[in-house]
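A.B. asks: Predicted model and sequence below, questions to follow.
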Amino acid sequence: MSTFLYRLARWSTRRRRWVLAAWLLIGVGAVAVATLSGGKTSDSFAMPGTEAQQVQDLLYSKVPQAAGVQMQVVFSCTPGADLNDPALRTTVEQAVAELKSVPQVTAVGDPYASKRVSPDGRVAIASVQFADKSAADVEASTLDAVRQAVGPAEAAGIGVDYSGGVYPGSHTAQSPIPEIIGIAVALLILLITFGSFVAAGLPIMTAIIGVITTLMGVTAIASVVDIASAATTVALMLGLSCGVDYGLFILSRHRDNLLGGVAVEESIGLAMGTAGSSVVFAGLTVIVALCGLSLVGIPFLTVMGLSAAAAVAVAVLIAITLVPAMLGFAGHTIVRFFGFGRQERTARLAVEHPDRTLGSRWARFVVRHPVSLLLGGALLLAVIALPATSMELGLPSGSAKPTSDTQRRSYDLVAASFGPGFNGPLVVLAEGVPNAAAAQPIADVLGKEPGIAGASVSMAIEGIATVQVYPTTGPNDEATTQLVHKLRSERSVLAAGTGARILVGGKTASDIDISAKLSAALPTFLIVVIGLAFLLLTFAFRTILVPLTSILGFLLSVAAAFGAQVAIFQWGWGASLLGITPTQTVSFLPILMLAIIFGLSSDYEVFVVSRINEDFSRTGEARGSVLRGTGRAARVVTAAALIMFAIFVAFMLNNDPTVKAIGFSFAAGVFLDAFVVRLTLIPAVMALIGSRIWYHPRWFAKYIPDPDIEGRRLERPRVTVPDDGVRADAVTAEATS
């Protein structure tokens, strides 16, 4: 691999104009296709095989007008006023009448006719049924018409808030501030690391090209495939962070080569043959872990994993083609420093006297105290992981939104005036009943069940009736989950005397089903992904112990990240400082974290251990190679981890509680894994085990090809030719043959 990447890098350097033009053409083409396709992401989560999904599919096939996305319009008045007063009632009824004429709306529930006015007259709920199954299919003009329809009510002093699958403002594009802040922090870290504006800007520029290409491609695909909006967020996070990090690793090795006297083109080739090989294997581990999400059998999670994997794959392709081309354009400006020579002295010190750097000092400390650091680090991660034992899975409801959000205001108004269960009604579907009267006994039985505040027949058509069931507890309460399971276990009692087939669904039941299916899939997913990554790392390093220690370290770091997430987002520790409303852990977050944190931890494992292996292959000194390899890797791994950490933390500025949880969890996982596991525990273990860490059976060496990610095959005599500004050294015929 090292020889192939060496040649590819030199080819890309010589044809840098063509390479740059090709990537720009790909990016512009992706933007054009995305614009013309009109693809949109959505927040709907389909879950084939679950009972709630059966309810949705049955409604859509037999009563499509009742299966579309829904919205609640919550009218409220000030204390002392009453929506039953003739003037206010007339205003609300006029708004309801206007809502019925909005395009794409099939039905609107009058709060007065359906008795959905609170006892004190302060709150009234109008339900709006759209014709389209997906929220993404509801046009922005339709939502504007909804806002216009209730405008006179607002002008009359009546408060109007919304909740549901779609509502005015739900299509609003996310602010680019998190991305801008993440990029700004990454630029600052790169400036400190390299001391050069050109060197700092180059990885960011190439990463942005890759991210734009990926996101536009995903947007185009969204026109034919349902893609959750969280999928593009995850793809953006990983595409940006991996793109910057991969460019950073290659650029760092290239700069060291230049400072060591190697000419430009040869330096680029050598950097790609060594650091580039690590980038390819690191990227492959991330891609394997993300593609493993398809094994869970959940469509939205599969699409999310494949979208993120595509972002990482593009980042790898950018790193091995566009980065060498841009380095060719940059030439020797990569080592033109600012800061009155201080940065240049620091950079040259790292090349000429690597034992004097801070990274080497830390490596010496680890090698001298491996046992105490190993025990202390493992204990620290175990303590942080303790809250994970209390993890509760679910999907965020309106209660998780900030108080300034209309969904949160709607949730609080409904909960205070009707009870928390009105924010998450269950839908009990009865198939095989001729009319509403025949379904009424089912509603009567449900209304007498403990934990149910009320039940009423909401629709009866085409032999299907639906009963709206309002629990006494909120949609995220454990009691509601138990109620759903109980109703499903008592179908025969509910259907007694009617002969109906009973199914329990609705959004709340769907969220419960999703959480249950994801929890059940976790063990299988973990075993399969770790197994595949174990094989990949074993092939890369040609040893069994390195992958084993890598996996054990990952389990510690991801458990600690789970614990930190539960402590803050579920228990509420420091929630006010972060603008978080405590709620359940997002149901798909654990399985997503397992995939992504494992992939990223393997990134740092490859970069640190490949440096150690490279030194060991040259010197044969086990403890010395740990010291020197870790010391050389520490600076660039620290910068890379801080960049990823900053990008993930920046996404916590997003108001979406799901995005906040994802950003925090990824940031915690990367930080703990990079600094506690990869730069402390792994070197400590390797120092203790010694040369036995590189053991592998003889048959392995005989039958399994050596990928040579350390670039040993490039260590050949070289013939120097005159430097023309970009092309300089030429490898001997033996090296390039």
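C.D. replies: Arrived safely.

A.B. asks: quick one, what contacts P547?
C.D. replies: A533, F534, L537, T538, F541 (CB atoms under 8 Å, 6 or more residues apart in numbering). Every C-beta, even on glycine, is put in place using the N, C-alpha and C of the backbone.

A.B. asks: Please report how far it lies from L532.
C.D. replies: The span separating P547 from L532 equals 11 Å under the rule CB to CB, to the nearest Å.

A.B. asks: Which helix or strand contains the residue lying closest to R17 once chain neighbours are set aside?
C.D. replies: Using CB to CB, 6 or more residues apart in numbering and skipping residues adjacent in sequence, the residue nearest R17 is A325, 8.0 Å away. A325 belongs to helix 323-330 when elements are defined using DSSP states H and E.

A.B. asks: Rounded mean pLDDT for that helix, please.
C.D. replies: The predicted model assigns helix 323-330 a mean pLDDT of 92.

A.B. asks: contacting residues around that helix?
C.D. replies: Here helix 323-330 has contacts from 8-10, 12-17, 19-20, 198-199, 202-203, 205-206, 246-247, 250-251, 254, 264-265, 268, 271-272, 334, 726, using CB under 8 Å, 6+ apart.

A.B. asks: Could you pick out the longest strand of the chain?
C.D. replies: Longest strand of the chain, by residue count under DSSP state E: strand 452-461.

A.B. asks: give me the low-pLDDT residue ranges for the stretch 1-150 of the chain?
C.D. replies: Along the stretch 1-150 of the chain, the parts satisfying pLDDT under 70 run over 39-46, 132-133.

A.B. asks: brain fart, the chain
C.D. replies: Counting by pLDDT under 70, the low-confidence segments of the chain come to 39-46, 132-133, 171-175, 337-356, 701, 708-713, 715-737.

A.B. asks: For V33, see how far away the most centrally placed residue in it is.
C.D. replies: The centre of the chain sits closest to V234, judged by CA atoms, centre = their mean, with a distance of 3.3 Å. Remark: distance between V234 and V33 (CB to CB) = 21 Å.

A.B. asks: now stretch 579-592: how far from the chain's centre is it?
C.D. replies: For stretch 579-592, the distance from its own C-alpha centre to the chain's C-alpha centre is 12 Å (CA atoms, centre = their mean, to the nearest Å).

A.B. asks: which parts of it are buried?
C.D. replies: Burial within stretch 579-592, assessed by neighbour count using 16 or more other CB atoms under 10 Å, is assigned to I580, T581, T583, Q584, T585, V586, S587, F588, L589, P590, I591, L592.

A.B. asks: Quick check: end-to-end length of stretch 486-498?
C.D. replies: When the termini of stretch 486-498 are compared using CA to CA, to the nearest Å, they are 20 Å apart.

A.B. asks: what sits against the residue nearest to A311 when sequence neighbours are not counted?
C.D. replies: With CB to CB, 6+ apart as the criterion, A311 has its nearest non-adjacent residue at 3.3 Å, and that residue is G239. With contact taken as CB under 8 Å, 6+ apart, G239 is in contact with A207, G210, V211, T214, L215, A308, A311, V312, V314, A315.

A.B. asks: M1 and F249: what is the separation?
C.D. replies: The gap separating M1 from F249 is 15 Å, by CB to CB.

A.B. asks: Looking at the two, which has the bigger crowd around it?
C.D. replies: Between M1 and F249, counted using other CB atoms under 10 Å, the more crowded position is F249 (27 against 18).

A.B. asks: what about the more buried one, which helix or strand?
C.D. replies: Element membership for F249, per DSSP H and E: helix 229-259.

A.B. asks: quick check: angle from that helix to helix 323-330?
C.D. replies: 50 degrees (axes from the mean of the first three to the mean of the last three CA atoms, to 10 degrees).

A.B. asks: and helix 229-259, how far from the chain's centre?
C.D. replies: The chain centroid and the centroid of helix 229-259 are separated by 16 Å under CA atoms, centre = their mean.

A.B. asks: Repeat that for stretch 147-165.
C.D. replies: Averaged over its C-alpha atoms, stretch 147-165 has a centre that lies 34 Å from its chain's centre (CA atoms, centre = their mean).

A.B. asks: Please list the residues outside that stretch that contact it.
C.D. replies: Under the contact criterion CB under 8 Å, 6+ apart, stretch 147-165 has outside partners 43-44, 69-78, 83, 88, 91-92, 94-95, 98-99, 101-102, 128, 135, 168-169, 398, 406-407, 409-411, 413-414, 423, 507.

A.B. asks: Of those residues, grab the buried ones for PyMOL.
C.D. replies: For the buried members of the contacts of stretch 147-165, the matching PyMOL selection, counting by 16+ other CB under 10 Å, is:
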select buried, resi 43+44+69+70+71+72+73+74+75+76+77+83+88+91+92+95+98+99+102+128+135+168+398+406+407+409+410+411+413+414+423+507
